[in-house]
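Enquirer: Here you go, sequence then predicted model.
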Amino acid sequence: MTRLIVDRLKNRADFLRAARGVRRSTASLTLELCPTPEADPGRIRIGFTASRKVGNAVSRNRAKRRLRAAAASVLPLHGRGGHDYVLVARTETLSRRFADLVEDLKGALKAVHARLDRSNRGEKT
């Protein structure tokens, strides 16, 4: 596998477009995926978000830091170029062991990629 260049999503429109794409929830995170409008096969874009349901500002920031660390270890190796990924924190993001958080992300990636492949072949999802 080749390593991809990772950029950050910062515009609200990009987050909203990803929310309309393919979604997979696990115990500790929700992963949203959509194609990048200006597709570059060697580059992926990633964003992180945490709602007030996760907790106060300190808790939300900690959850996003944990998601950033998990994404940094997984997405450059297992992500697909030309796609936008958004990781949404859940309350379990704060208390889940980091190794389990990484495994949740890998499983969610595998599931959204499989669903994307099915939809590209024209099968029902």
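Expert: That came through, no problem.
Enquirer: Show me the contact partners of the host helix or strand of Leu101.
Expert: Leu101 belongs to helix 98-120 when assigned by DSSP states H and E. Contacts with helix 98-120, where a contact means Cβ atoms under 8 Å, 6 or more residues apart in numbering, come from 22-31, 33, 66-67, 69-71, 73-75, 78-80, 87, 93, 96, 124-125. Any C-beta I mention is one placed from the backbone N, CA and C, and that applies to glycine too.
Enquirer: Kindly write the PyMOL command that selects the buried subset of these.
Expert: In PyMOL, a selection of the buried entries from the contacts of helix 98-120 looks like this (16 or more other Cβ atoms under 10 Å):
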select buried, resi 22+23+24+26+28+29+30+31+33+66+67+70+71+74+75+79+80+87+93+96
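Enquirer: So which of the contacts of helix 98-120 are in strands?
Expert: Secondary structure from DSSP state E places Val22, Arg23, Arg24, Ser25, Leu29, Thr30, Leu31, Leu33, Leu87 of the contacts of helix 98-120 in strands.
Enquirer: farthest pair in those residues?
Expert: The distance between the two most remote of the ones in strands among the contacts of helix 98-120 (Cβ to Cβ) is 14.5 Å, for Val22 and Leu29.
Enquirer: Give me the helix or strand of the protein that scores worst on average pLDDT.
Expert: Using mean pLDDT, DSSP states H and E, strand 5-8 stands out as the lowest-scoring helix or strand of the chain, at a mean of 87.
Enquirer: partners of that strand in the sheet?
Expert: When sheet partners are counted by DSSP bridges, strand 5-8 sits next to strand 43-49 (parallel).
Enquirer: centre of the chain versus the strand it pairs with, how much separation?
Expert: A distance of 7 Å separates the centroid of the chain from that of strand 43-49, by Cα atoms, centre = their mean, to the nearest Å.
Enquirer: Now that strand - C-alpha only, CSV.
Expert: In CSV, the C-alpha atoms belonging to strand 43-49 read as follows (Å, rounded to 0.1, in the frame of the first residue of the first chain):
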residue,chain,number,x,y,z
ARG,A,43,-4.5,12.9,-1.5
ILE,A,44,-7.2,12.4,1.1
ARG,A,45,-8.9,15.1,3.2
ILE,A,46,-10.1,14.5,6.8
GLY,A,47,-12.2,16.4,9.3
PHE,A,48,-13.0,15.9,12.9
THR,A,49,-16.1,17.0,14.8
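Enquirer: Many thanks, we can stop here.
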